[in-house]
Every structure is written in structure tokens, then in C-alpha cells.
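Colleague: what would the 3D arrangement of this be:
(one chain, ligands or ions: 2)
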Amino acid sequence: MERHLYTVAQLRAIEQAAYAGLAPGTLMQRAGKAASDFALELLGDRRDRPVLVLAGPGNNGGDALEAAANLADAGVDATVLHLPGRRDASTETAAAYERARAGSVGWIDMLPPGAEWGLVIDGLFGIGLERPVDGDYREVVVGLETIRCPILALDVPSGLDADTGAVIGPDGIAVRATHTITFLGDKPGLHTADGRDHAGQVRVDMLGVGSEALPRATAQLSGLPLFAGRFTARRHNTHKGSFGDVAIIGGAHGMAGAPVLSARGALYAGAGRVYVAALNTPPGYDSSQPEIMFRAAEDFDFFGRTLVIGPGMGDSASAIRLLARALDSDSPLVIDADALNLIGASPDLQSRLAQRTAPAVLTPHPLEGARLLGMTAAVVQSDRLEAAREMALRTNATVILKGSGTVIARPDGEVLINPTGNAGLATAGSGDVLAGICGALLAQGWTGWEAAAAATWIHGAAADTLVDEGVGPIGMTAGELPAAVRKVLNRLVKDAASR
Ligand SMILES: NC(=O)C1=CN([C@@H]2O[C@H](COP(=O)(O)OP(=O)(O)OC[C@H]3O[C@@H](n4cnc5c(N)ncnc54)[C@H](OP(=O)(O)O)[C@@H]3O)[C@@H](O)[C@H]2O)[C@H](O)CC1
Ligand SMILES: [K+]
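Modeller: Ligands and ions are numbered 1, 2, ... in the order given. Here you go, the predicted model:
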């Protein structure tokens, strides 16, 4: 899957340009038709169930009114809960209202308690929402929370910021849809932050606008086409040296587990040799993974090795020394966990990072990202794309900002949102495994951008596989991920070979 993501400003421009060549109301009629077609598909053979259509004050409400009229024409029992605003509706929305009024649509002005619906269509607000949903609108959204049926959001689930995926307002509320049909282009906010929880499955309908009319998108959904060329079958005539060395630097006193999880991630993602360079006295070996070689970090030679630095590393003087040495080296580098916090606290380490020429991939979660940027995690989460871009720009590195809809950014402002993964990854150690996978791909010669995109995608797909098998999301452990990562990777290579 590869899909461009447009900002609200870009979507407004697309809308304006499309308007120029079309009769008034055409786009809204197309949006209404796409919505009612999707609604009929969701109803399936239960077309006798009543459908509730929520129509708000703006053009999103106009789309909903068109959809309601279409459904009624198709013989569906469609009821509109209409909440107009104080201002006059646009000409198109007024026309859609007249059309719905003329048909067999039912009308209500409040949510009847206890009513049962086969489907709810949310056309309260779309990309025009600029303040928190309140008053009667809020009451309706609260009322939806107890309704047990599919909810189809038109364009954007009402209450969600289409650019950022944040619910609008400090005490905001947004519709939790099971499906979203989004118009004229996909939007980043449907895929990150609160977006995945509120948008459900996303379908894009371009309303007949051709790709030549679209601006250049600086954000897209990540997907296999971005890195599929790397999935080549291994040649027979190879040896462990052919697939790179990865060294995990970390494991201070009491934190030996984190680098071991990273090391397993690297091993199962195909690195030729994997070391743990431990800050504390290294254990002799890992009995469940004896392939991992343990060394003392202080006298470990970084040369020719890909480094994953930070898991369980702590903030000792020795950790800082090792980090400075790693930043100054020519080794490809994955920077995680404690190493990120140390960089956030040190202008010296920041300038060493910014001056690197070899690949560097940073893997912060929102709090680590916040420390790097000198802000709070809430501010990072309020605009994850912007935060990831800013981090990439300041550090001159590829950034993987973890969380629901992980954002991958590079210094030129290009951004990906990863669509794989699930809540099972919200568990201790899953980030260590991700850093290890990323290290393994770098060690096999991938660029920082490809390694970051693919590692995130594969890590998420591994978690999705585990959920399909009943292993999670509840109770999924990080230690279960590496074997699933191996399965996903080998399947991708096999699929690539058979294409
Ligand atoms: N234009 C077209 O032909 C097409 C539009 N599409 C759909 O249109 C929406 C965008 O429509 P727009 O009217 O710009 O915006 P919204 O419908 O999302 O909402 C704006 C109206 O809502 C009022 N508003 C905003 N916030 C609130 C709030 N918190 N409480 C109450 N009212 C609110 C706002 O009023 P103001 O007082 O702020 O002016 C507007 O009246 C887009 O998302 C598509 O669904 C098509 O898809 C294509 C054709
Ligand atoms: K909506």
C-alpha cells in the first residue's frame, strides 16, 4: 500500500481547483453517492435496518444529506438528525437539504434514547472543524458511545483534526467510527495519534479528481512499495560476514534484558553476527539465545559494525563516553532509549550527532522525543508529524517517532506514517526489538530511510500476525516478536521472488 496524505490546506486547494471545471454541487453529489454506496455495502443483506444520518452545519452535513437522500431512494429507512448552524448553509448544502426534504427521509432533532440502528453515518463536521465539538453536537457524539452498530464517518470522524490526528480541544470529544470514507485525498490525521482509534477502516474516494490535479504530498502512508526492492533471496554462496555485524551497546547494572531483546530483534531480522557490548560486567552468554556474543563495552571495537546504542544504557559517565565515541564513528547507528535522553540533555552530543555523515536512525517514543525537542510529550502528541520533522531537521537524522501510527521523518521534511501494528506493541521491550531490527537492516546495507520504514512496518506486521494467531494484543510480550519478525521477513522475500 502506498498512499499520499494531504493537509487541510492542500485539500482546500484541490477542492478549489476541481470546482473550477464542474457544475456547482457536483463534488458534494459525488461525495454523497460514494457515501451511500459504502453504507449499502456495510448494511449488506441487512438493508431493512434503519440508518441514522447525522448532518452538521457545514458542507460535511451537505454530504450527509446527499447520502441520506440516496439511501431513501434505494428503499432504506433513513432518518436524518439535522443540526444546522446559525449561519446560512452553502448553496450546495442548501440544495442537498431540499433534495432530502423532497424524498422519503425521516427527520429528528435529538438522539432518541434506546433506539436501535443498523448503521450511523457521521456527517457532523469534516475538515472545517476548528474548535472543540460542544453544545448539542457534543451531546450527540456522547450519545453515539452507547450505540452498538457500525459507524461510517464522512471525510473525517467529527471532532478529529485531519492534519494531526488529535481530538480537537483540551477536553475534546470525537466520533469513534468503525469506517471512514474520506474525500479528495487521504489525510494524515486518520492514521496517527487518536486517528486510528477514531477512523477505523479508511477508504479514499477521489470524487473523480485525477492525480494530475494533485499537489506534491510530503507525507504518505508507508508500505511495501517503498522498500520491496530490498527483499531479495539470499544467494547460496554467502557466509555470516555477508550480512553484517550488529552490536547493541547498553545493559547497565540491572538493565541487561533490554539489549538482549534488541540483539534478538537483530538476529531474527537477519544480521550475520550480533554482539551485546554491555556497560555492566557482561554475562557469559544468553542460554536461550547462545548465538549472541557478549563483550565489555569499554574496550569494544566499533569499526565496521552497525551500532544500536541506548537500550538499558543508563546515564553514567561511561554511557556518555561510549555515546560520544559512537556518534564520532563512521558506523551506521540506531539511537534508542537512554542514548536519546543523554543527547537531549547535551548540546555537545547534539552537535556530534548533527555532524555525522554515516546513517543515523533515532527511535524516540513521545517522551524521549519531547526531551530531544525541549517540550512536553503532550505537545509532541498534539502534532506528531511536525514533531518528527523538527527532530529530523535538528539532528540531521532519520527519526522514528513511535506510537499509534508511528511517524518516520527525514531532514528534508519527507514523512511516512506506518499503518501496521496494534496495541499489543504497547509493552515493555517492544521498542528494543524495533531498534534491533533496524540495526540488522542497516547492517545489510539498507539506507537509513529504507531501514527505518521497513523495520517499523515489519515490527508492526509481526505484531499483527501474533494477534491473528491469538497471541495478543493483551499479554503480547516483546520476546515473542523476533520469531514473528523472521516469519514476516521470509514471507516478504518469498513473495518478492514469486512476483
Ligand atoms: N465544498 C464542497 O463541495 C465539498 C465539500 N466536501 C465536504 O465538506 C467538508 C468541509 O466543509 P466545510 O463546510 O468547510 O466544513 P465542515 O462541514 O467540516 O464544518 C464547518 C461548519 O461547521 C461550523 N463549525 C465548526 N466548528 C464548529 C463547532 N465546534 N461547533 C459548531 N459549529 C462548528 C462552522 O461554523 P463557523 O461558525 O465556524 O463558520 C461551519 O459552518 C469536507 O470535510 C467534506 O466532507 C466534500 O467532500 C466535497 C465537496
Ligand atoms: K464527519
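
Colleague: from ligand 2, how far off is the residue lying closest to residue 4 once chain neighbours are set aside?
Modeller: Using Cβ to Cβ, 6 or more residues apart in numbering and skipping residues adjacent in sequence, the residue nearest residue 4 is residue 217, 3.7 Å away. (C-beta placed from N, C-alpha, C; glycine too.) Distance from residue 217 to ligand 2, counting by Cβ to the ion, to the nearest Å: 22 Å.

Colleague: same question for residue 56.
Modeller: 7 Å.

Colleague: neighbours of that residue, just the number please.
Modeller: 28 (other Cβ atoms under 10 Å).

Colleague: check contacts around it.
Modeller: Shown in contact with residue 56 (Cβ atoms under 8 Å, 6 or more residues apart in numbering): 64, 83, 85, 123, 124, 125, 137, 158.

Colleague: out of those, which are buried?
Modeller: 64, 83, 123, 124, 125, 137, 158 (16 or more other Cβ atoms under 10 Å).

Colleague: and which of those is nearest ligand 2?
Modeller: residue 158 (4.3 Å; Cβ to the ion).

Colleague: excluding its backbone neighbours, what's nearest the closest one?
Modeller: residue 124 (3.8 Å).

Colleague: the residue nearest to residue 4 against residue 11, yeah?
Modeller: No: when contacts are counted by Cβ atoms under 8 Å, residue 217 is not listed as touching residue 11 (10.7 Å).

Colleague: report pLDDT for residue 242.
Modeller: pLDDT for residue 242: 84.

Colleague: swap in residue 255?
Modeller: The model's pLDDT for residue 255 equals 89.

Colleague: please apply the same query to residue 286.
Modeller: 89.

Colleague: which SS class is it?
Modeller: coil (DSSP: H, G, I helix; E, B strand; the rest coil).

Colleague: for residue 408, same thing?
Modeller: strand.

Colleague: of the buried ones among the contacts of residue 56, closest to residue 171?
Modeller: residue 137 (14.1 Å; Cβ to Cβ).

Colleague: that closest one and residue 82 touch, don't they?
Modeller: No: applying Cβ under 8 Å as the test, residue 137 and residue 82 come out as separate, 11.8 Å apart.

Colleague: which one's more surrounded, residue 217 and residue 11?
Modeller: Neighbours per residue (other Cβ under 10 Å) separate residue 217 from residue 11, with residue 11 holding more: 23 against 17.

Colleague: in the longest helix seen in the chain, what's buried?
Modeller: Counting by DSSP state H, the longest helix found in the chain is helix 448-468. For helix 448-468, burial by neighbour count (16+ other Cβ under 10 Å) applies to 448-467.

Colleague: how about stretch 471-480?
Modeller: Those buried within stretch 471-480 under the rule 16+ other Cβ under 10 Å are 471, 472, 473, 476, 478, 479, 480.

Colleague: so which of those would count as near ligand 2 as well?
Modeller: When contact is defined as Cβ under 5 Å from the ion, those do not meet ligand 2 at all.

Colleague: quick check: the farthest pair among these?
Modeller: Among the buried residues of stretch 471-480, 473 and 479 lie farthest apart (Cβ to Cβ), at 15.5 Å.

Colleague: just to revisit the earlier point, now do the shared contacts for residue 217 and residue 11.
Modeller: Joint contacts of residue 217 and residue 11 (Cβ under 8 Å, 6+ apart) are residue 185.

Colleague: hmm, back to that, which of the contacts of residue 56 has the weakest pLDDT?
Modeller: The model is least sure about residue 85 among the contacts of residue 56, giving it 92.

Colleague: my guess is residue 119 meets residue 40, correct?
Modeller: No: look at residue 119 against residue 40 with Cβ under 8 Å: they stay out of range, at 9.4 Å.

Colleague: neighbour-wise, which of these two wins?
Modeller: More neighbours surround residue 119 than the other of residue 119 and residue 40, with 25 against 16 (other Cβ under 10 Å).

Colleague: quickly list what that one is bridged to.
Modeller: Note on residue 119: beta-bridge partners residue 51, judged by DSSP bridges.

Colleague: quick check: it vs ligand 1, distance?
Modeller: With distances taken as Cβ to the nearest ligand atom, to the nearest Å, residue 119 is found 18 Å from ligand 1.

Colleague: how about CSV for the buried residues of stretch 471-480, with secondary structure added?
Modeller: Below are those laid out as CSV (three-state DSSP):
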residue, secondary structure
471, coil
472, coil
473, coil
476, coil
478, helix
479, helix
480, helix
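
Colleague: and the contacts of residue 56 near ligand 1, which?
Modeller: Filtering those for proximity to ligand 1 by Cβ under 6 Å from any ligand atom leaves 85, 125, 137.

Colleague: thank you, goodbye.
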